[in-house]
Structures are given as C-alpha cells and as structure tokens.
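Novice: Provided below for reference: sequence and predicted model.
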Amino acid sequence: MEQGNVYSREKTEKGAMTTGLRDDEIWLCSALKASINGSEFSKADETVEREVLKNDKGRGVLALLYPFFDDISDLGLKKAVEYSAKNNAVSCYRLFQNTRYILEKLEAEGIDCAVLKGVDLASRYPVPEYRGFADIDLFIRDREQIDNAVRIIENCGFEKEKEQSSIHHIAFLNQERIEIELHTDMVRPFDSEAVNSRIADIYKSTDYSFFERELFGVRFKVLPDSLNGFYLLLHTLQHFLAAGFGLRLLLDWMAFWNGVGDDKAFTEFKAHCDSCKVRGFSDAITGICVKYLGMSPERAEKIMSPGYLQALDKNEVIDKLAREVFDAGRFGEGTGRLVNLRNPSIFGLIKEFHHQTRINYPKASRIFLIWPILWIGSLIRFMKNNKTVRHTGAKEIIGNAKKRSRLTKEIGLW
C-alpha cells in the first residue's frame, strides 16, 4: 500500500481490495488498521483527507487517527480528529468512574454483575481512551436480584427513565446525562422464538463464572470469552437487522478477538453460533475485518467456517456488506433505513410489522383481541418517526428493507 510514504489506490487494488469502496474509505481502513494493529501508516493527499471528513457520518472512529495527527495535512480533518480524541477520552474517564462506582455498590450488596462492552472493550484497544462510549451496559444473570439492583442504582443518583424504549433492559439516567442499561436479557428479541429461547438458555445457565478484565488498574467482571464474543455478535446482528451498523462495531469485534487466547473459547463460540444459525453473519463480519482492517487471518480462521478464509478474495458478499457498513454511518441514522426483512415479500413485510408491534407493546401484545389497535399504534409511531426522526418516506424505507434483505439471504443468516 506504499508509494514512498503516500497512500496509493493502484497499490491497494493490487492488494486484493478491488471493491466498490471509494478512495477515502479505503484509506480510512488502512489508517484504522495501522492504529489498531501497529502496521505502517500511509499518508493520503488532502483531497482524500477532505473526503474522509465529508463522509464521516458520525462513524465515531476518527479518534483512532490521533496517533497520526502530525501526518494529516487537511486542517479540517486535523481539528475533527483532535476533537474526537479529546471527547472520547473525557467520555471514557467519566463512564469508567461511574461504572466503577455502580459496581462497587452492587458488589457490596452481594449482587453478581458483569459489564457489557464499555470498559471491557476499551481495555482491549491499544489506547483505551480512543474508543470512547456513551452509556454503561450491565448484566445480572440472577433475575431475583434485579429489583434490588434497581434500588441501588436509583440510590446512586440515577432515575429510571419514564419511557423504556427496549424490552431487554431497564434504562436509567442521571443529571449528568449518563445512561445505564441494566440488561434483563442480552438483546432485543429476534423474530424467531426458537432462537430467542436458545439465547436465553445460553446466558441464564449456571454452568459458567464471570471472568475479569482490568482497565486503569481496576478489575471488572465480564462474561467468559465465548459468551462475550457471542453477545457482541448478537449486538451487531441486532443493529444490522434494524438500521445497520458502522465501522466502530467492526473495530470492537476485531479488538475483542485479538485479545482472546483460549482455544476452548473459539470452539464454544462457534457452537453457540451454530445453535442459533448465525455462523454466516459471524463469518461475514470477520471476513470484512480480515480484508479491510488487517485482522490476522490466523486469528480469524479460529472463528470462521472451514474454507471461508481461503475463498475470501472471491467473496462478493463481503464487498457488499462492506458497502452496507460504510453507508450505515454509525447505526444507520438518517439513511432511510429501518428494518431488514427476512422475507422480501408482502407476507414478510407484514410479519416484520407485527414483530415490531410486539416489541413496541410487549405486555399488551399478549392479548390477541387488541392486536388491531396495537397495529394502528405502531403505524402512527412509524409515520411520525419517518417525518420527525428519519426525514424520509415509507416507500424509501420499504425499498431499502427489501434490498437489504437480499444481502441477508446471501450472507446465509438463519
């Protein structure tokens, strides 16, 4: 990828990145690779740098370019990188201290609690402050301890939000606008009861103990590597099936597996994927990390299906998904995206609409007789959000959903 010390598209394409990505996207991938893996950094000309800034779309990854601050020529990009690095560092320290404080209070009451993402993932980056995070995710396996945990969190200055937007966690907010999500389930339910039941069985099992990770000299409880990796996969999949996910989740994925050294964890992770029929999605996002972000092929092969790595250069699905990731911004905000249909037909659209209704009204949707009323409520919410949040129309959203559903089928999900 070198031509002297300047980024070269021609060299890149000879290196098997003959894709639909633009010059600025390919250079950004190479810079992120250098930041996380310690490989050599290649300068870009100012035109490419300006395009990186123009197309950033809130991806949340510019802080990782800070080690190369002096090598960036465009003033606008330099300012954005510096601002992102400082902002991420401040958020990292603030949420680190709040996480530590909450966990100490929970532990003092005998509540066994693990951190999801957050300080755990930050500890896996070369410079933890570059990752940054916006909220605190906690998981308590024993449901009987949830009410006590809620009381403790509220006593720490957090208030339970009046409108709970998700049914798999309880959201809290304090006066500093720091949010805590206390997980009662790992992820929002998928549209397959069999998959949901299997996920619940995996994480509610008593056959495992929490591991520990260290950040800034403080140790935190986390999920065992196999379950932690599987949670990250489900979290990424959940975003993919909604409005999409961006580069940061891929960087989290790569940073996490770079730090796993137990072969048993790889084996157990693949078993979990197979039991929930999500191995195809795991292969695809790992493939992107190898092809674009410099993940070690030897490391990636430990969690991939046999033969997948060897066919990576000819795998067009990887390139399509990479295009999808770049188009998604951070989480698909403002892109006319809402859902990813499993079945791109009228029946599939109706099924997904009903699934979203059950998510919006988890308790009321158990009463069959009021389904029509709930459908109307979901439709009103859908139309309102299209106008005020997404600034797009139903036709565009449905068209994008059908297009993305074809990619889902190619990936081999479910």
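Specialist: Cool, got the structure.
Novice: Please pull out the lowest mean pLDDT helix or strand from this protein.
Specialist: strand 2-3 (a mean of 34; mean pLDDT, DSSP states H and E).
Novice: Can you classify Glu51 by secondary structure?
Specialist: Three-state call for Glu51 (DSSP: H, G, I helix; E, B strand; the rest coil): helix.
Novice: ranges for the strands of the chain?
Specialist: Assigned by DSSP state E, the chain shows strands spanning 2-3, 6-7, 114-116, 135-139, 159-160, 169-173, 179-183, 211-215, 218-222.
Novice: least reliable of those strands going by mean pLDDT?
Specialist: Note on those: lowest mean pLDDT is at strand 2-3, with a mean of 34.
Novice: In contact with the residue nearest to Pro362 when sequence neighbours are not counted, which residues are there?
Specialist: Excluding the flanking residues, the one nearest Pro362 by C-beta to C-beta, 6 or more residues apart in numbering is Ile167, at 4.5 Å. C-beta here means a position set from N, CA and C on the backbone, and glycine is covered the same way. Ile167 makes contact with Asp185, Arg188, Pro189, Ile359, Pro362, according to C-beta atoms under 8 Å, 6 or more residues apart in numbering.
Novice: By neighbour count, which of those wins?
Specialist: For the contacts of Ile167, the largest number of neighbours (other C-beta atoms under 10 Å) sits with Pro189, at 19 neighbours.
Novice: quick one: it and Trp253, what's the gap?
Specialist: 22 Å (C-beta to C-beta, to the nearest Å).
Novice: Quick check: pLDDT value at the residue lying closest to Glu410 once chain neighbours are set aside.
Specialist: Spatial nearest neighbour of Glu410, excluding adjacent residues (C-beta to C-beta, 6+ apart): Val317 at 4.8 Å. The score at Val317 is 92. That number is its pLDDT.
Novice: Looks like Val317 contacts Thr408 (just checking).
Specialist: No. Applying C-beta atoms under 8 Å, one finds Val317 not in contact with Thr408, separated by 10.3 Å.
Novice: Of those two, give the one with the bigger neighbour count.
Specialist: The neighbour count for Val317 versus Thr408, taken as other C-beta under 10 Å, is higher for Thr408 (21 against 17).
Novice: Tell me the spacing between that one and Gly280.
Specialist: 9 Å.
Novice: what's the answer for Asp274, then?
Specialist: Where Gly280 is concerned, Asp274 sits at a distance of 10 Å (C-beta to C-beta).
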